[in-house]
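Asker: okay, predicted coordinates and the sequence, questions at the end:
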Amino acid sequence: MDLKEIKLKSLAELKSLLAEMREKLRDLRFKLAQDSHKDVREIRVVKKTIARILTLIKIQEVKSPAKK
């Protein structure tokens, strides 16, 4: 997923995308452990995407803090 596409998403969409990417990372790790997945680079890409999503979530939360 491209960074430009991720930046256009709302906070709720980012959180759901984060859950999907974490699930994908878990599945990739299981496949790698079972030797049924050979592309180690994909794990690195997913981890970087997760980091980008977390950064954008934090930026959006700081810009519009929740009322307590």
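Answerer: Cool, the structure landed. Numbers count the residues shown, from 1 in each chain.

Asker: from the chain's centre, how far out does the helix or strand containing L56 sit?
Answerer: Under DSSP states H and E, the secondary-structure element containing L56 is helix 40-63. Taking C-alpha atoms, centre = their mean, to the nearest Å, one finds the center of helix 40-63 at 5 Å from the center of the full chain.

Asker: can you pull the buried residues of it?
Answerer: Of the residues in helix 40-63, 43, 46, 49-50, 52-53, 56-57 count as buried by neighbour count, 16 or more other C-beta atoms under 10 Å. Every C-beta, even on glycine, is put in place using the N, C-alpha and C of the backbone.

Asker: what sits up against that helix?
Answerer: For helix 40-63, the external contacting residues (C-beta atoms under 8 Å, 6 or more residues apart in numbering) are 1, 3, 6-7, 9, 11, 14-15, 17-18, 21-22, 24-25, 28-29, 32.

Asker: repeat the analysis, applying 7 Å as the threshold.
Answerer: Applying C-beta atoms under 7 Å, 6 or more residues apart in numbering, the external contacts of helix 40-63 come out as 1, 3, 6-7, 11, 14-15, 17-18, 21-22, 24-25, 28-29, 32.

Asker: what packs against the helix or strand of the chain with the lowest mean pLDDT?
Answerer: Taking all helices and strands of the chain together, the one with the lowest average confidence (mean pLDDT, DSSP states H and E) is helix 3-7, at a mean of 91. Using 3 or more C-beta pairs under 7 Å, 6 or more residues apart in numbering; DSSP states H and E as the contact criterion, the elements in contact with helix 3-7 are helix 40-63.

Asker: next, count neighbours for K15.
Answerer: For K15, the tally of surrounding residues (other C-beta atoms under 10 Å) stands at 13.

Asker: and the host helix or strand of it, what other elements does it pack with?
Answerer: With the criterion set as DSSP H and E, the secondary-structure element containing K15 is helix 11-33. Counting contacts by 3+ C-beta pairs under 7 Å, 6+ apart, the secondary-structure elements packed against helix 11-33 are helix 40-63.
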